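A.B. asks: 3D, please:
(chains A and B)
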Amino acid sequence: MTGSRPTLTLPGPSPTTSGSAPVALTAALRPADGQGAATAWKALLRPPRRFLLSAWPWRALAYLASGSALGLATAIALFVVVMTGVVLSFFVIGLGVLVLVPLAGLVVAPIERRRLRLVDGDPIGDPHRPPPRPGPGAWLRHRYREAATWRELAATLLLGVLGIADMIGLSIAVTAVGLLLSAPLLVALDESSEGPIMFGGWHVDSVLESLPLVPMGLLLLVVIAYLVTAWAAGRGQLTRLLLAPREAESGERVVALTRSRARLVDAFQAERRRIERDLHDGAQQRLVALTVELGLARLDLPPDSDAARRVGHAHEQVKLALAELRELIRGIHPQVLTDRGLAPAVADVASRSSVQVTVEVEVARRLAPEIEAAAYFVVTEALANVERHSRASKAEVRGAITDGRLTVEVIDDGVGGADPALGSGLVGLADRVAVVDGVLTLVSPIGGPTLLRVEIPVR
Amino acid sequence: MTQPSATSGPTALRIVLAEDSVLLREGLVGLLTRYGHDVVAAVGDAPGLAAAVEDTGPDLVVTDVRMPPTHTDDGLRVAVTLRARRPELPILVLSQYVEQTYAAELLDTADGAGVGYLLKDRVGDVDDFADAVARVAGGGTVVDQEVIRQLLRRRSDPLERLTGREAEVLGLMAEGRSNAAIARALVVSEAAVTKHIGNILAKLDLPLDADDHRRVLAVLTFLRRSGSD
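C.D. replies: From the prediction side, this is the model:
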């Protein structure tokens, strides 16, 4: 670690405000790794030796066994709940219980989704969307209307039925393999004369006779390993089919999020304009009218009178107020940006800087207002920082649209070492830029130069 | 300085005024009338301005920039259109904000003769404002000191060579002041002003010229060039 500062990058959502939903969604869609094959299906296609020695048959077994247990528990719980509901249905509470039965999937499905990881490395997300309004009534109505709720119920009922079938099948398979493999031992330990093992009419009563059963057991073990894995994979596939969010559901959510963010920006933008308009049409015009009144009043007063001095003083105060108000409004939303777009507005703000600023912004066309505003305020903030901290003598603003991206850069020849953590302005700007899907980058090694770049996709 | 110029004022002008704020419109009508002018039409939007100029054929137009119908730069656009059609019509544009972009557009019409562009704040300095009205009506050019400050700051290479006093003199020149007025404003002798102006024109590579007005235009041409690069 030397004294120089590395590149600091403020990606879309800044570090302090990360955790926004699209990021979380992306993370949830990334397949898990570290298992060789990603699913039990793929494991089946490997060379037999590698498959048999891998963890997959055991994982499949664990999947089916835990499924059986869960299925049995689910079946019993459902039965109890339904019966309770039916018995109590003479009272209102019983109906309440029955109303909740279709929501059983909401309890079981999350467990099923987690359990699926045993045979399928690709995790599946929650298909449900938050209810539009708070309150239990709204929640219940919303869940009842969701297709995902009913698919989850189907998966739950299926688990109850198939889980029990799994249990029977698994029991038979395990018993058969166990018996075959341990046949010599069983025979040796047995003391009855008829022999412990019987295949149809064939009695196995000596250890020697029982020996061929062991390789049969091994063969059956291999067959069952394949069967169990295939069956578990199939069950997993079915679970995924029922419990994974449909394209529309996850897609809808991203669109909804994007829309709500866009709405937020629009509202923000509209509000700034409204404030600007109100100040312009109200306070500003009144103050100007007041200066006219005061100016005319001065004409009527003897020049050296106290009254004239007082009116003159008031006049100066009003002028200062006007100047302050004008600066305030410029900070909220500059008129020239609304009227003429980015390039003239940037040229204008650059001309106000105390540092000599060269402007090369080649953006002839008008862009979406929120994009123009984001880029404009980045330049404003950057130039303010150049003036305040950089000790630069010169700065340059460059802007162009290439390959559907607006890029605006502010470079100065100052001392560098700008830290976004110190200037809350930059973090706020990064957020603002992120909302229009842009990226803000700051490169400011100690000793300079400082480069602030904003890139925003434009249509 | 505070002596009313109504009696000693120049010729009375027939003025069309466009300003959407009723309060300010009335204030301006009162002000212009006070200085002996005749406001032949006072309108509140851009189409009204164009129509009033058609109907009354005024000596001067005084207009706000931001007006209905779009509440953006409607007034300025009408001003530019009017100038394109009738380059000899003097127009004084008032605005809450002065932007060099707009200044450049206005000055590009008929070489900036008979054009004014002022911050609304200046209206309260009634004598100066009345003076600006008269100068624009007489074919002069008046540009707000704020715009000039922006442009001076911007164009730093040759202008950097000017001394502080010379920059001040240049600013006052660009506002269309005479040598005597500049001398009064800076409390120096007229001879000193003449010397400063000679230095400025030399440093800016502008030819010496006896004509005040052409000199102002030369300065403005220079500033305009700097505003558009």
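A.B. asks: SS state for the nearest residue in space to A:Ala244 that is not next to it in sequence?
C.D. replies: Spatial nearest neighbour of A:Ala244, excluding adjacent residues (C-beta to C-beta, 6 or more residues apart in numbering or on different chains): A:Ile124 at 4.1 Å. Where you see a C-beta, it was placed from the backbone N, CA and C, and this is true even at glycine. Classification of A:Ile124 using DSSP: H, G, I helix; E, B strand; the rest coil returns coil.
A.B. asks: surely A:Ile124 and A:Leu116 touch.
C.D. replies: Yes - applying C-beta atoms under 8 Å, one finds A:Ile124 in contact with A:Leu116, separated by 6.8 Å.
A.B. asks: which of these two has more neighbours?
C.D. replies: Set A:Ile124 next to A:Leu116 and count neighbours by other C-beta atoms under 10 Å in any protein chain shown: A:Leu116 wins out with 23 against 20.
A.B. asks: state the helix or strand in which the closest residue to B:Asp121 other than its chain neighbours lies.
C.D. replies: Spatial nearest neighbour of B:Asp121, chain neighbours left out: A:Leu322 (5.0 Å); criterion: C-beta to C-beta, 6+ apart. For A:Leu322, the host element (DSSP states H and E) is helix A:306-332.
A.B. asks: give me the helices and strands touching that helix, please.
C.D. replies: helix A:247-279, helix A:285-300 (3 or more C-beta pairs under 8 Å, 6 or more residues apart in numbering or on different chains; DSSP states H and E).
A.B. asks: in contact with B:Leu31, which residues?
C.D. replies: A:292, A:295-296, B:123, B:126, B:129-130 (C-beta atoms under 8 Å, 6 or more residues apart in numbering or on different chains).
A.B. asks: ok so it is a strand residue?
C.D. replies: No - counting by three-state DSSP, B:Leu31 is not part of a strand but helix.
A.B. asks: let me know the outermost residue of chain A.
C.D. replies: If you look at how far each residue of chain A sits from its centre, by C-alpha atoms, centre = their mean, the farthest one is A:Pro302, at 72.2 Å.
A.B. asks: may I have the phi/psi pair for that one?
C.D. replies: Main-chain torsions, A:Pro302, degrees, to the nearest 10: phi -60, psi 130.
A.B. asks: do you know how far the residue of chain B found nearest chain A is from A:Ile224?
C.D. replies: Chain B approaches chain A most closely through B:Gly124 (2.7 Å), counting by C-beta to the nearest C-beta. From B:Gly124 across to A:Ile224, the span is 98 Å (C-beta to C-beta, to the nearest Å).
A.B. asks: more neighbours: those two, which one.
C.D. replies: B:Gly124 (26 against 20).
A.B. asks: roughly how far does the nearest residue to A:Ala307 once chain neighbours are set aside sit from A:His315?
C.D. replies: Among residues not flanking A:Ala307 along the chain, A:Leu301 sits closest, at 5.1 Å (C-beta to C-beta, 6+ apart). Per C-beta to C-beta, A:Leu301 is found 11 Å from A:His315.
A.B. asks: is it true that A:Ala375 touches A:Leu342?
C.D. replies: Yes - counting by C-beta under 8 Å, A:Ala375 does reach A:Leu342; the two are 5.9 Å apart.
A.B. asks: who has more neighbours out of the two?
C.D. replies: Between A:Ala375 and A:Leu342, counted using other C-beta under 10 Å, the more crowded position is A:Ala375 (29 against 24).
A.B. asks: ok but the more buried one is inside a helix, no?
C.D. replies: Yes - counting by three-state DSSP, A:Ala375 is part of a helix.
A.B. asks: state the pLDDT value of it.
C.D. replies: We have a pLDDT of 93 for A:Ala375.
A.B. asks: and the closest residue to it other than its chain neighbours, helix, strand or coil?
C.D. replies: Nearest non-adjacent residue to A:Ala375, counting by C-beta to C-beta, 6+ apart: A:Val408, 5.0 Å away. Following three-state DSSP, we place A:Val408 in the strand state.
A.B. asks: what comes up buried for stretch A:141-151?
C.D. replies: Across stretch A:141-151, burial judged by 16 or more other C-beta atoms under 10 Å in any protein chain shown covers A:142-143, A:146, A:148-149, A:151.
A.B. asks: what's the burial count for the residue in the stretch 201-350 of chain A positioned nearest to chain B?
C.D. replies: Minimum separation of the stretch 201-350 of chain A from chain B (C-beta to the nearest C-beta) falls at A:Thr291, amounting to 2.7 Å. Neighbourhood size, A:Thr291 [other C-beta under 10 Å]: 26.
A.B. asks: same check on B:Leu13?
C.D. replies: Other residues near B:Leu13 number 23, with proximity taken as other C-beta under 10 Å.
A.B. asks: and A:Tyr144, what pLDDT?
C.D. replies: If you check A:Tyr144, the pLDDT there is 87.
A.B. asks: in contact with it, which residues?
C.D. replies: Per C-beta under 8 Å, 6+ apart, neighbours of A:Tyr144: A:Pro102.
A.B. asks: neighbours of A:Ala60, how many?
C.D. replies: Neighbours of A:Ala60 (other C-beta under 10 Å): 26.
A.B. asks: show me the helices in the stretch 301-450 of chain A, by range?
C.D. replies: Ranges of helices within the stretch 301-450 of chain A are A:306-332, A:335-340, A:342-351, A:369-385, A:424-435, based on DSSP state H, counting those that start in this stretch.
A.B. asks: which residues does the shortest one contact?
C.D. replies: Contacting residues not belonging to helix A:335-340 are listed as A:273, A:276, A:280, A:329, A:344-345, A:348, A:369, A:372-373, A:376, B:66, B:72-73, B:96-97, B:99, B:101-102 [C-beta under 8 Å, 6+ apart].
A.B. asks: quick check: A:Trp231 touching A:Gly67?
C.D. replies: No - A:Trp231 is beyond contact range of A:Gly67, at 10.3 Å (criterion: C-beta under 8 Å).
A.B. asks: out of those two, which sits in the more crowded spot?
C.D. replies: Taking other C-beta under 10 Å, A:Trp231 and A:Gly67 do not tie; A:Gly67 has more neighbours (26 against 20).
A.B. asks: which residues touch that one?
C.D. replies: Counting by C-beta under 8 Å, 6+ apart, A:Gly67 has contacts A:115, A:159, A:162-163, A:166, A:235.
A.B. asks: hmm, try it at 6 Å
C.D. replies: Residues in contact with A:Gly67 (C-beta atoms under 6 Å, 6 or more residues apart in numbering or on different chains) are A:163, A:166.
A.B. asks: residue numbers of chain A in contact with chain B?
C.D. replies: Within chain A, the positions adjacent to chain B are A:284-285, A:288-289, A:291-292, A:295, A:298-299, A:303, A:319, A:322, A:335-336, A:339-340, A:344, A:348, A:351, A:356 by C-beta under 6 Å from any C-beta of the partner chain.
A.B. asks: just the buried ones among those residues, please.
C.D. replies: By neighbour count, with 16+ other C-beta under 10 Å, these hold A:284-285, A:288-289, A:291-292, A:295, A:298-299, A:319, A:322, A:335-336, A:339-340, A:344, A:348, A:351, A:356 as buried.
A.B. asks: report pLDDT for A:Asp120.
C.D. replies: 85.
A.B. asks: hmm, A:Lys42 and it touching each other?
C.D. replies: No - using C-beta atoms under 6 Å, A:Asp120 makes no contact with A:Lys42, being 9.9 Å away.
A.B. asks: higher neighbour count, those two?
C.D. replies: A:Asp120 (27 against 15).
A.B. asks: sounds good, over and out.
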